[in-house]
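Asks: this one's structure only:
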């Protein structure tokens, strides 16, 4: 292991010891904000320090066994010591690889809740039905993950599909997984309305935004145009007889957010503000990274059939993630929210790229 990496690990161990002192300090315990920060930092450093200490112990065993072997004459003992050196050397290699992964910088937004937007794109009514399937897939994925899903705005068409849906997912690590869902999702299947049995290709787009807190995004009332209206259901039928639906326009950016899921106008406004803050937070991140185009816009693409991050082929019972060339023949399970195999592969690819880049 090179000196630079060892220095980073020694620094991490010192920081870990500092968190232990903080967690035992009565003044820190009395301050919930400081205590929460110390607890979070302690949890982040613990696996790194444990692996580092295991590495140091294994390295010491290799050195001790090597020194004894140099002075040993008994053949049985020589064989035992050589075997120990080989085993511990292999363990050192494994631990070093693990430590390099653990030291890859974590996305600061990974633990945040998320705002997810699904829209039907190319494919007409079939695309809307597919958008509804994506929505249900994420409902099941959220349940499997132990998180909670809160609908914000769901626009259903007459055929029972979804034109667009916005929802929030609350739970530790939600963004760390959902961020891999952003982009165009292409489906290839025979629609129920297809009498000739021909396979159609449709697209639903998914945008994923880390949810921002009020302290992270400052929004002034004089920057907003707030409009109220009757909530509408499929076919223009009124969902209720009060002006509970809310549409908010952010004048500086032109962002428009609507919410009609709740019967209360106040609740709809609060939900719409959550989406607005998430979009403004993403713009702030883009500017900090020096990016001109919105990440959200790059996520959803143009919605054309040729664009996709993932293809769901019903005839062949397969799901292919084109970003990493992974194909799994388990379509029903994926649509039931079992995204674990795909996500683990995407995370491994992400880490490998960061390691190759020397991050």
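Replies: Okay, I see it. Computed from a predicted structure; not experimentally measured.
Asks: Return the helix or strand in the protein with minimum mean pLDDT.
Replies: The least trusted helix or strand in the chain, going by mean pLDDT, DSSP states H and E, turns out to be helix 295-300, with a mean of 47.
Asks: which is the next helix or strand following it?
Replies: Counting by DSSP states H and E, the next helix or strand C-terminal to helix 295-300 is strand 310-313.
Asks: For the next helix or strand after that next one, give me every contacting residue.
Replies: Counting by DSSP H and E, the next helix or strand C-terminal to strand 310-313 is strand 318-321. Contact partners of strand 318-321, identified using Cβ atoms under 8 Å, 6 or more residues apart in numbering, comprise 309-313, 326-331, 334, 342, 345-346. No exception for glycine: its C-beta is placed from N, CA and C like everyone else's.
Asks: Which of these has the largest number of neighbours?
Replies: residue 312 (24 neighbours; other Cβ atoms under 10 Å).
Asks: secondary structure class for the spatially closest residue to that residue that is not a sequence neighbour?
Replies: Excluding the flanking residues, the one nearest residue 312 by Cβ to Cβ, 6 or more residues apart in numbering is residue 187, at 4.7 Å. What DSSP: H, G, I helix; E, B strand; the rest coil gives for residue 187 is strand.
Asks: In contact with residue 187: list those residues for me.
Replies: 130, 133, 201, 202, 203, 204, 311, 312, 313, 314.
Asks: And the longest helix along the chain, what does it pack against?
Replies: Secondary structure assigned by DSSP state H gives helix 32-71 as the longest helix of the chain. Where contact means 3 or more Cβ pairs under 8 Å, 6 or more residues apart in numbering; DSSP states H and E, helix 32-71 is packed against helix 3-23, helix 26-30, helix 75-102.
Asks: For residue 273, find the nearest of those helices.
Replies: With Cβ to Cβ as the measure, helix 26-30 is the member of those nearest residue 273 (32.9 Å).
Asks: Off-centre distance for that closest one?
Replies: Computed by Cα atoms, centre = their mean, to the nearest Å, the separation of helix 26-30 from the middle of its chain amounts to 33 Å.
Asks: likewise stretch 54-64?
Replies: Distance, centroid of stretch 54-64 to centroid of chain: 37 Å (Cα atoms, centre = their mean).
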